[in-house]
Structure formats: C-alpha cells, structure tokens
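**Q** here is a sequence with its predicted model. Questions after.
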Amino acid sequence: EGGTTTMDGLEELVGGAPGAAEVEVAEAPADPMEAVRAMDTEPESITKWKAEKAKRLEEEAAAEKAAIAELEEKAAATMGEWNATYASKLKSIEEKNAEGEKAFVAKMTTKAVENPWEKVAFMIDFNAKTTGKDTSKMKSLLIRLKTEGLLNRN
C-alpha cells in the first residue's frame, strides 16, 4: 500500500477523495529566496492594525494631556482659593492675638493690684493638663496665695 511521490502519484492518491478537484499544487518559485522575502513582508491586515493602534494611542495621549492640563488648572484655582482663605484666617488670628496681648500687657502693668500673686496666678493656666510630674500641690499653693496673699498669713 505504498504511494508514489511523483505528481502523478499524488493525483492518483487524491483523485478519489472528496473535494479532490479543489486541491491545487503550488509550483516552486523560480528564485528560492522569494519565499523567504515573502515571509519577511507583513500582511496588510497587520499593517492596518498597527496604524490604527498608533492613531488610537496618539488620540489617547492627547486626551490625557488635555485632562492633565484641566486638572492642573483646577488645582491652581483651588490653591488660590485656599491661599486666600488661609491668609484671611491668619490675619484674623493675628488681630485676635494682638488684642489679647494688649489686654494681657494692660493687666500686667496696672499698679492697682494689691496682691502681686494675682499677677502670677493670671499668667498660669490652671486648667492645663499635666503630663509626668504631679503639680497639684503647687497649683493649690498658688491659688491660695492669690486669694489670701502673703500679708494676710500669720
């Protein structure tokens, strides 16, 4: 059951098979390098796909640049608003601190205070949280000195 390898033998083998009339045998090219060159060329569908992909990537890059520019504009506007708000808050805090400092200096420079410990107690925040050492005895002593003073003690 061996077949011949000649073209006649191929036709004999294929001749009785269904669709045998559709089989065509390609002839060998005259130049053997022609087949290699044909393999090196890119099919048109791939070339078209690459061009479409390059165009799509360029469009996406342009859209991305536009989006980034828009975000930068929004960020600049937001930062401008924030800076204006911050400047106004800072100015109001400075004014409030200046008023508080004037009141503090006025109270500290008055000579009408009979008990000098009142001035000391005025400078201390007794409601502040303490960390570490217990200062409750010192606080109670300063409060007592503020109310009684040194002169009233026997």
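**A** Ah, there it is. Residues are numbered from 1 along each chain as shown.
**Q** wait, residue 120 sits on residue 146?
**A** Yes. If you go by CB atoms under 8 Å, residue 120 and residue 146 touch, sitting 7.4 Å apart. (C-beta placed from N, C-alpha, C; glycine too.)
**Q** can you report how many residues neighbour residue 114?
**A** For residue 114, the neighbour count with other CB atoms under 10 Å is 8.
**Q** same check, this time on residue 117
**A** When neighbours are counted by other CB under 10 Å, residue 117 comes out with 18.
**Q** got it, and residue 30?
**A** Here the number of neighbours of residue 30 (other CB under 10 Å) works out to 6.
**Q** and it, helix, strand or coil?
**A** Following DSSP: H, G, I helix; E, B strand; the rest coil, we place residue 30 in the coil state.
**Q** for the chain, longest helix please?
**A** helix 44-109 (DSSP state H).
**Q** and it, what's its mean pLDDT?
**A** Mean pLDDT, computed over helix 44-109, is 95.
**Q** quick one: it to chain centroid distance?
**A** Using CA atoms, centre = their mean, to the nearest Å, the mean C-alpha position of helix 44-109 is found 12 Å from that of the whole chain.
**Q** same check on stretch 38-56?
**A** Centre to centre, stretch against its chain (CA atoms, centre = their mean), the figure for stretch 38-56 is 38 Å.
**Q** returning to that earlier point: which one's more surrounded, residue 120 and residue 146?
**A** Using other CB under 10 Å as the criterion, residue 120 and residue 146 rank with residue 146 on top: 18 against 12.
**Q** now that one. Nearest residue, chain neighbours left out?
**A** Distances taken as CB to CB, 6 or more residues apart in numbering place residue 121 nearest to residue 146, at 3.8 Å, with adjacent residues excluded.
**Q** helix, strand, or coil at residue 126?
**A** Three-state call for residue 126 (three-state DSSP): coil.
**Q** burial measure for the closest residue to it other than its chain neighbours, as a count.
**A** If you skip the residues right next to it in sequence, residue 126 has residue 139 as its closest partner in space, 5.6 Å away by CB to CB, 6+ apart. Under the neighbour criterion other CB under 10 Å, residue 139 is assigned a count of 16.
**Q** coming back round to it: can you list the buried residues in the following helix or strand past the longest helix of the chain?
**A** Where DSSP states H and E defines the elements, the next helix or strand beyond helix 44-109 is helix 116-123. Across helix 116-123, burial judged by 16 or more other CB atoms under 10 Å covers 117, 121.
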